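**Student:** Generate a structure from the sequence data that follows.
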Amino acid sequence: MLAALIALAIGLYLYRGALRRGPAIGAFACLILIYVTPFCALGSALFTIRIVHDVILAAVLAPLVMGAVRLERVEIPGSLAMWTAVHALTFWLWHAPSLYEAAMSSDAVFWVMQFTIVGTAAIWWSKVLRSPAPAAATALLATMVAMGALGALLTFAGRAFYAPHWLTTQVWGLSPIEDQQIAGIIMWAPASLVYLLAALVIIYRSLASDRASA
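**Tutor:** All right, here's what the predicted structure looks like:
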C-alpha cells in the first residue's frame, strides 16, 4: 500500500495543474490515515474501527476526491435519486455479512469494496452539489436515514454478524456483539449527523441566497 501511495503522490505532482490543490492534499492525507497508519491494522481487529474507516471513505474521502478532480463539473448519466439509491445500496451490500467476510478475506475483493464505496459516493456528492437545494437536502436526508437504519440494525441485532471479528475483539476488552453494537451506534448517530449537517448548510445557504435576492 505504501508503494501505491508513493505512486499516487508522484501522479498528483505530475498532474497537479489539473487538480484542485486543497482537496487533493486532503484526499492524500486521508489515504495515509486510513491505509498507512496503525488505524488500518486496527480495523482488522475491531469492526468499530472498520465502520469508522468506511464512513470516512463515503463522507470524507469521496467528497475530497470529487473536489480534487472537479467531478461536479462533469455530466454523469443518472439522476440524483438514482445515485442516492446506488450509493446507499452499495454501502449496505458491502456490510452484508457474506460480502464483508469476502472483502476481509481477499485483497482483491477488499479493494473492489473500497473503490466502489468511494466511487459511488464521489459521484453522489457531485450530483448533490449540482442539484437545487430542496433536491440536494432531500438526498442528504435520505442517505442519513439509510446510514441510520444500518446503524440501528447493527446496534439492536441479537448476535454478532461478522465472523472476521469473532476472535479479534477480546484483546481490546470487547465481545464481538459489543464491538458490533458500538459500530452501530457510531453509524446511527455521528455518521448520520454528517449528512444532516450538510443538508442544513445547503438549506441555510439557499435561504440566505433567497433573502439576498429579495
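**Student:** How far off centre is whichever helix or strand residue 151 is part of?
**Tutor:** Take DSSP states H and E as the rule and residue 151 turns out to sit in helix 133-156. A distance of 13 Å separates the C-alpha centroid of helix 133-156 from that of its chain, computed with CA atoms, centre = their mean, to the nearest Å.
**Student:** any idea what sits nearest the residue nearest the centre of the chain, other than its immediate chain neighbours?
**Tutor:** Of all residues in the chain, the one closest to the mean position by CA atoms, centre = their mean is residue 58, 1.5 Å from it. The shortest distance from residue 58 to any residue that is not its chain neighbour, by CB to CB, 6 or more residues apart in numbering, is 4.3 Å, and that residue is residue 121. Using the backbone N, CA and C atoms, a C-beta is placed for each residue, glycine as well.
**Student:** and the one you found, what does it touch?
**Tutor:** When contacts are counted by CB atoms under 8 Å, 6 or more residues apart in numbering, residue 121 touches 57-59, 62-63, 87.
**Student:** so which strand or helix has it?
**Tutor:** Residue 121 belongs to helix 107-130 when elements are defined using DSSP H and E.
**Student:** Helix 133-156 and that helix, what's the angle between them?
**Tutor:** Taking axes from the mean of the first three to the mean of the last three CA atoms, to 10 degrees, helix 107-130 and helix 133-156 form an angle of 140 degrees between their directions.
**Student:** ok so, going back, greatest separation within the contacts of residue 121: which pair is it?
**Tutor:** The most widely separated members of the contacts of residue 121 are 63 and 87, with 12.0 Å between them, by CB to CB.
**Student:** Could you list every helix and strand in contact with the helix or strand where residue 65 lies?
**Tutor:** In this structure, residue 65 is located in helix 62-68 according to DSSP H and E. The helices and strands touching helix 62-68, judged by 3 or more CB pairs under 8 Å, 6 or more residues apart in numbering; DSSP states H and E, are helix 21-35, helix 107-130.
**Student:** what's the offset of the longest one from the middle of its chain?
**Tutor:** Right, helix 107-130. 8 Å.
**Student:** heads up, I number from 7, so please use that
**Tutor:** Fine by me, first position is 7 from now on; the one you just mentioned is helix 113-136.
**Student:** one step back: the residue nearest to the centre of the chain and residue 138, how far apart?
**Tutor:** 23 Å (CB to CB, to the nearest Å).
**Student:** quick revisit: hey, what's the angle from the helix holding residue 127 to helix 27-41? Just curious.
**Tutor:** Orientation check (the same axes, to 10 degrees): helix 113-136 against helix 27-41 gives 150 degrees.
**Student:** Dump helix 113-136 to CSV, restricted to CA.
**Tutor:** Once non-C-alpha atoms are left out, helix 113-136 reads as follows in CSV (Å, rounded to 0.1, in the frame of the first residue of the first chain):
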residue,chain,number,x,y,z
ASP,A,113,-7.2,-8.3,-1.1
ALA,A,114,-8.9,-8.1,-4.5
VAL,A,115,-12.4,-8.1,-3.1
PHE,A,116,-11.3,-5.6,-0.4
TRP,A,117,-10.1,-3.1,-3.0
VAL,A,118,-13.3,-3.6,-5.0
MET,A,119,-15.1,-2.7,-1.8
GLN,A,120,-13.0,0.4,-1.3
PHE,A,121,-13.2,1.7,-4.8
THR,A,122,-17.0,1.1,-5.2
ILE,A,123,-17.8,2.9,-1.9
VAL,A,124,-15.6,5.9,-2.8
GLY,A,125,-16.6,5.9,-6.4
THR,A,126,-20.4,5.8,-5.9
ALA,A,127,-20.1,8.3,-3.0
ALA,A,128,-18.0,10.7,-5.1
ILE,A,129,-20.5,10.7,-8.0
TRP,A,130,-23.3,11.1,-5.5
TRP,A,131,-21.7,14.1,-3.8
SER,A,132,-21.2,15.6,-7.3
LYS,A,133,-24.9,15.2,-8.0
VAL,A,134,-25.8,16.7,-4.7
LEU,A,135,-23.7,19.8,-5.5
ARG,A,136,-25.2,20.2,-9.0
